[in-house]
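Q: need a structure here:
(chains A and B)
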Protein chains: 2
Amino acid sequence: MAFSEFRPLAEKSLIEYIKATPVLYNKLGNNFDDLKIKEVGDGNLNFVFIVVGSAGSFVIKQALPYIRCIGESWPMTKERAYFEAVALKAHGQLCPEHVPEVYHFDRTMSLIGMRYLEPPHIILRKGLIAGIQYPHLAEHISDYMSKTLFYTSLLYRTTTEHKRDVAEFCGNVELCRLTEQVVFSDPYKVSQYNHWTSPYLDQDAEAVREDNVLKLEIAELKSKFCERAQALIHGDLHTGSVMVTSNSTQVIDPEFAFYGPMGFDVGAFIGNLFLAYFAQDGHADLVDDRKVRSSLVRFSFSTYLFLFLLLLVSDFLFHHLCFMCLSYFKAMHS
Amino acid sequence: MAFSEFRPLAEKSLIEYIKATPVLYNKLGNNFDDLKIKEVGDGNLNFVFIVVGSAGSFVIKQALPYIRCIGESWPMTKERAYFEAVALKAHGQLCPEHVPEVYHFDRTMSLIGMRYLEPPHIILRKGLIAGIQYPHLAEHISDYMSKTLFYTSLLYRTTTEHKRDVAEFCGNVELCRLTEQVVFSDPYKVSQYNHWTSPYLDQDAEAVREDNVLKLEIAELKSKFCERAQALIHGDLHTGSVMVTSNSTQVIDPEFAFYGPMGFDVGAFIGNLFLAYFAQDGHADLVDDRKVRSSLVRFSFSTYLFLFLLLLVSDFLFHHLCFMCLSYFKAMHS
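A: Here you go, the predicted model:
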C-alpha cells in the first residue's frame, strides 16, 4: 500500500503515490519525464485525474468523504469507491467490451486506477446535446445491460452466490439512501436541492407535487427499489455515466451499484433518452434542424426484443415505462 | 461457554451443560434433586429437551448438522440455531405476548434455552385436528403478524437498519434454499421427497405437475420469495409452528427466518387454516359433526381489516390468495 492512511491527493502527492505503486508505475513504462496530469472531475461526487505518459496512461478516481458538488455540508462515505471498484470488476468480467478495465484499487485511499478513455471519447450526454448520432449505441448498451443484469441475477446464479453478494452490497447503504432521497422523494415535494427554470416551470413542478396518484405509484417503485434484490445494477445509469465515440460505448461510475431491480437501470437509461429526444427542438439551428432524433428511434427498434424479455422479468420497468408514457400523453394533450 | 466445541447433547451431558451455565442453573433454583428431562423433538429438524425442576423449567433446543427427519444424508447447517435465536429475540421484543422468551443462546453448541410452554399448551395443528376451537387465535396471530412484520419493514425502520439486518439474514441461506426447494420447486415436479396418498391422489398430483399456468405463477412467487427483502418473516408459519391453549398463542421455531415478503407468512398461515377447514369432514364422528369450523370463520372476520392493510403492501399475499381461491373454485366445479 502506497499510503498508510487516507488523504486527498493533489497533483504532487499523486505523483508520489504513483511512484510507490508498481502496477501504476509500470503502466507509464517507469518514465515520469513527460508526464501530464489533469484534474477533470466534472461529476457530482469525486476527484478524477487523467495521467498520461509517453508509454501509457490511466485515470485515477478518488472518493472524498462528502458530495463534491454540494461540499462538506453533505457528508458521504468514501467507502463508495470500494463498491464502485467491485462493481466495475464484476461488470467488466461479464462485459469487458463496455466497461473500462480496473488496474488498481486502494481501499484505504478510496482510490481506483483504471483505463483512460482517450479522445474522442466524450460523455454521451454532451454528444446527444451536440446532436451527434451514435449508430452502435443501442446495440452496445443493450449488450451491457443484458449481460450485467442477467448474469448477476437468480436467472443465472445460485441462491448461495446471490445472497452472499446481496449481503456485501447492503454495505453500500449510504448511496442507496441518496438515490431514495433524490430520485424517489425530493422531486415530489418541496426540498432544498430541487431546482427548475423559475418562474416558467413553477406550475409544472407544482403539478408534480400535487399529483397524489403519481406519488402513490412512485412510493410503490421506491419500495421495489429498496426491497427487490434482483441483480447487481449500475444504480445511476444516466447518459452522464456513459462515454462514447462512434464505435465505442463505455459505462463508467457505478458507485451506486447494489442488488436492486433491473428495471431501475433500464428505466433510467430510456428515461434519459426520452429527455434527450424532447430536448432536441431546443438545440435546433439553421445548420441542423434536429429532426432526425435518430438515437432514440434506432434504440427502440434494435432493442425491442431485449426489452420485451426484460419486461417479462421486471415489472418495475413496466411500471416505469407506463408512467413515462402516461406523463407524455398527458403533456401532449394539455 | 459451557463446552468449547460442538457436541450433540444427550440427557447426561445436558445436565453437565446446565450445571456449567449459570442462567440455566439459576432457573432451576440450583436444585437438581427432582429434575425431569424429556426429549420431545417431534419436529423435522432438531432435538428438543424439556427440563423441569421444582423451582423452574425451560426448554433446550439443539440444532444438529443435518435434517433430523431425513437423517445425515441431508446435511443442514447448525448455524440455523443462530438465526432462530436472533429472530426469536427480535420478534419477542416486538410481541412478547406471543413469542417464548429466550433465556440463553450458545452459538458453538447451536443451542437455545427458552421458556417451556407448559401444558395445556399443544401444537395448534393437533388442536385443529382434534376439533378444538380457539376463540382468541385469530386476534393473537393477527397481533403477532402485524407487529413482527410491520416493525421490521421499511414502513417503520430506516434504510440503514434495514440493509444491516437484511445482510445479516442473508447468512441463513441454507434454510432459504430448503424452502425454495420444498415449497416452490419439488411439489410441481417428480422429486424424491414428495409423497401423497397413492393411488387415490395420483391424478391430482399429476394435474399439479402438468399445470403450466400454475407453474408460471409459482415461479413468479418464488422469485419474490428469493428477491424481496420486505420484513423479517418467520419463514415457516404453519400450524405446526404455533402452540396454543384456549387463552395463549405462542409462535415457535423461526429457524427459517430471513428478510422476505410479508405475504409468505400470512399466506402460509391462512393456507394451513384452509387445509384444516377442508380436513374437518374427515374427522367428523357421532359426537361432533365438525360443522362449526369456527376457527377459520372467526379468523376471516376479526382479521379482515388487518389483511386488507397487508394486501396494500404485499402483492405477494394477493397472488397467493388469488391462486388458493382459483384452485378452490376449480376443485368445487370439477
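
Q: Provide a list of residues in contact with residue A:279.
A: By C-beta atoms under 8 Å, 6 or more residues apart in numbering or on different chains, residue A:279 lies in contact with A:128-129. Glycine gets a C-beta too; all of them are placed from N, C-alpha and C.

Q: my read is it is in a strand, agree?
A: No. Counting by DSSP: H, G, I helix; E, B strand; the rest coil, one finds residue A:279 to be helix, located in no strand.

Q: Strands along the stretch 201-334 of chain A, start to end?
A: All strands of the stretch 201-334 of chain A, identified by DSSP state E, counting those that start in this stretch, fall at A:231-233, A:242-244, A:249-251, A:258-260.

Q: In CSV: the ones you listed, plus mean pLDDT and mean neighbour count.
A: Formatted as CSV, these follow (pLDDT from 0 to 100; neighbours: other C-beta atoms under 10 Å in any protein chain shown):
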stretch, mean pLDDT, mean neighbour count
strand A:231-233, 98, 30
strand A:242-244, 97, 24
strand A:249-251, 98, 22
strand A:258-260, 98, 27
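
Q: Is residue A:124 in contact with residue A:239, as I believe?
A: Yes. Counting by C-beta atoms under 8 Å, residue A:124 touches residue A:239, with 4.4 Å between them.

Q: More neighbours: which of the two?
A: residue A:124 (27 against 23; other C-beta atoms under 10 Å in any protein chain shown).

Q: Check which helices and strands the helix or strand containing residue A:179 sits against.
A: Taking DSSP states H and E as the definition, residue A:179 sits inside helix A:173-179. Other elements packing on helix A:173-179 under the criterion 3 or more C-beta pairs under 8 Å, 6 or more residues apart in numbering or on different chains; DSSP states H and E are helix A:80-94, strand A:258-260, helix B:159-169.

Q: out of these, deepest packed?
A: For these, average neighbour numbers computed from mean count of other C-beta atoms under 10 Å in any protein chain shown are highest in strand A:258-260, which has a mean of 27.

Q: do stretch A:150-157 and chain B meet at all?
A: Yes. Residues of stretch A:150-157 are located near chain B by C-beta under 8 Å from any C-beta of the partner chain, namely residue A:154.

Q: From the chain's centroid, how far away is that stretch?
A: Centroid separation between stretch A:150-157 and its chain, computed with C-alpha atoms, centre = their mean, to the nearest Å, is 21 Å.

Q: List the buried residues of that stretch.
A: By 16 or more other C-beta atoms under 10 Å in any protein chain shown, the buried positions in stretch A:150-157 come out as A:150-154, A:157.

Q: who's in contact with residue A:37?
A: A:11, A:14-15, A:49-52.

Q: buried residues in the host helix or strand of it?
A: Using DSSP H and E, residue A:37 maps to strand A:36-39. Buried residues in strand A:36-39, counted by 16+ other C-beta under 10 Å: residue A:37.

Q: again, but for stretch A:99-113
A: Using 16+ other C-beta under 10 Å as the test for burial, stretch A:99-113 gives A:99-100, A:102-106, A:109-113.
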